[in-house]
Structure formats: C-alpha cells, structure tokens
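Colleague: Provide a 3D model corresponding to the input given below.
(chains A and B)
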Amino acid sequence: ETGVTQTPRHLVMGMTNKKSLKCEQHLGHNAMYWYKQSAKKPLELMFVYSLEERVENNSVPSRFSPECPNSSHLFLHLHTLQPEDSALYLCASSQDTAGANNQPQHFGDGTRLSIL
Amino acid sequence: KNEVEQSPQNLTAQEGEFITINCSYSVGISALHWLQQHPGGGIVSLFMLSSGKKKHGRLIATINIQEKHSSLHITASHPRDSAVYICAGPCAGGTSYGKLTFGQGTILTVHP
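Modeller: Numbering: from 1, shown residues only, chains lettered A, B, ... in the order given. Presented below is the predicted three-dimensional model:
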C-alpha cells in the first residue's frame, strides 16, 4: 500500500470513446504526476501538478486532458485516443515539486489502457 | 539517446545468488532514485541517494557522483525479488518540478 490509489486498474476503449482515469493520494502531498509507460520504453512524464496548478505539460497531445480539483485528486480525461496510446498510465505524488533530488515519489499501481 | 542507461536489460539468476544492476547517467545530478516495478505494474521507491551507500534489508545501493554511476545490489536473491528495477535521476536543465528521467529498466528473474 503506497497511499496512492488509481482507478480503474484496466480500461479498454474505442477510439471515439471518452473516459477518465482517477488518482487519489492519502499522503498529504502537494505534488502529483501522470506518467505513461509504453511497452519496452522508459517511463515518460506527462503532467506535473503542484498545489493544484499545472506546472509541467511535457508536450502531451490535447486528447489527454488532466484535471486536479484538489491536492488529493488527479484525473486524466481521455478522448479520441489512438492505438499507440495503449500503455500503462501511472500516477505519483511527492511532498512538493521543490526538486526531485531529495524527495521520493510514491506511485499508484497504474491503469492498463487498451485502445481498440 | 536516453540520459539514463541501465545494464543489463535482462538478468536471470538462481535463488541465493548475488545480483548487481548498474546505472549510468550522462547529466550531472545530485541524487539518484532506484525503483522496483512488480509484474502488476505498481512501482515502489527503493532508494534515493546522493552519495556513498544505503542499505535496506538485502538491498544495497551505491553511487559515485563524480563517475555518474550507481549500482543496486541484491544479496541472497529470492524469487520474490523478480521484478523490473528502474533507476531515475532529475531532468537536466530548466526548473526541476520534480521531473525525473528514467532508465529503461532491468528485468530480473530469480529462479528457485
């Protein structure tokens, strides 16, 4: 139990569907992250939120739309996805974003997304 | 070319063997993270170190900042150690909003 919960664990959707991934952290952290992990590729950072404000958008296509309504919750809204978007999407949190040097990031178990 | 390189990419061992996974990085960092990813996908942070050595149970991590190299050692390996081990360091340049760049991971399989 890492204190970061992601739902759903698995999601299969068509290219025209709209769905959302949810992440919730119970650690009192101020920073939250979305990562994408494709097969045989390193983890890629997608978005960073600090105190509910997006501080990083790592050149992610607009078909991915993040939302952070409060410091405990993070969503990733999906629409008109492509087959190459099939991947494991991981959420993480850390105390804050003041440098990755001295803070561990706590990860959820991920959502395995398959696009038909 | 990834800024963080791991070796080997795949590692198979027999239970009880001493295991070493290496990580080299091309950018100057002051700390490095070692992560463990289980087959289900969840990731656990094992170590975050900026110098010397850290030990937790059968796991030992070392880092040489000057040589830009870190190693993760597992003593008396066990099948439950089978997982993907990932090293990561802060991204070079710009503001560091907790951005990490990740190695491609080392897939470890320990046979009984």
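Colleague: Pull the number of nearby residues for residue 70.
Modeller: Assuming you mean chain A. 9 (other CB atoms under 10 Å in any protein chain shown). Any C-beta I mention is one placed from the backbone N, CA and C, and that applies to glycine too.
Colleague: Actually, chain B is the one I wanted.
Modeller: B:Ser70: 27 neighbours (other CB under 10 Å).
Colleague: Would you mind giving the secondary structure of it?
Modeller: strand (DSSP: H, G, I helix; E, B strand; the rest coil).
Colleague: Contact distance from chain B - what residues of chain A qualify?
Modeller: Taking CB under 8 Å from any CB of the partner chain as the contact definition, chain A meets chain B at A:2, A:31, A:33, A:37, A:40-45, A:48, A:50, A:55-56, A:58, A:88, A:90, A:92, A:94, A:96-110, A:112.
Colleague: Could you tell me which of those residues belong to strands?
Modeller: Using DSSP state E, the subset of the residues of chain A next to chain B located in strands is A:31, A:33, A:37, A:44-45, A:48, A:50, A:55-56, A:88, A:90, A:92, A:94, A:106-107, A:112.
Colleague: May I see the ChimeraX selection of the buried members of those residues?
Modeller: Buried members of these, defined by 16 or more other CB atoms under 10 Å in any protein chain shown, are picked up in ChimeraX with:
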select /A:31,33,37,44,45,48,50,56,88,90,92,94,106,107,112
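Colleague: wait, which of the ones in strands among the residues of chain A next to chain B is closest to chain B?
Modeller: Comparing these against chain B with CB to the nearest CB places A:Phe107 closest, at 3.8 Å.
Colleague: contacting residues for that closest one?
Modeller: A:Thr2, A:Val4, A:Leu90, A:Cys91, A:Ala92, B:Leu35, B:Gly42, B:Ile43, B:Val44, B:Ser45 (CB atoms under 8 Å, 6 or more residues apart in numbering or on different chains).
Colleague: Next, format those as JSON lines and append distance to B:Pro90 and pLDDT.
Modeller: Listed next are those as JSON lines, based on distance: CB to CB, whole Å; pLDDT from 0 to 100:
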{"residue": "A:Thr2", "distance to B:Pro90": "21", "pLDDT": "73"}
{"residue": "A:Val4", "distance to B:Pro90": "20", "pLDDT": "95"}
{"residue": "A:Leu90", "distance to B:Pro90": "18", "pLDDT": "96"}
{"residue": "A:Cys91", "distance to B:Pro90": "19", "pLDDT": "96"}
{"residue": "A:Ala92", "distance to B:Pro90": "14", "pLDDT": "93"}
{"residue": "B:Leu35", "distance to B:Pro90": "14", "pLDDT": "95"}
{"residue": "B:Gly42", "distance to B:Pro90": "22", "pLDDT": "87"}
{"residue": "B:Ile43", "distance to B:Pro90": "17", "pLDDT": "92"}
{"residue": "B:Val44", "distance to B:Pro90": "19", "pLDDT": "92"}
{"residue": "B:Ser45", "distance to B:Pro90": "14", "pLDDT": "91"}
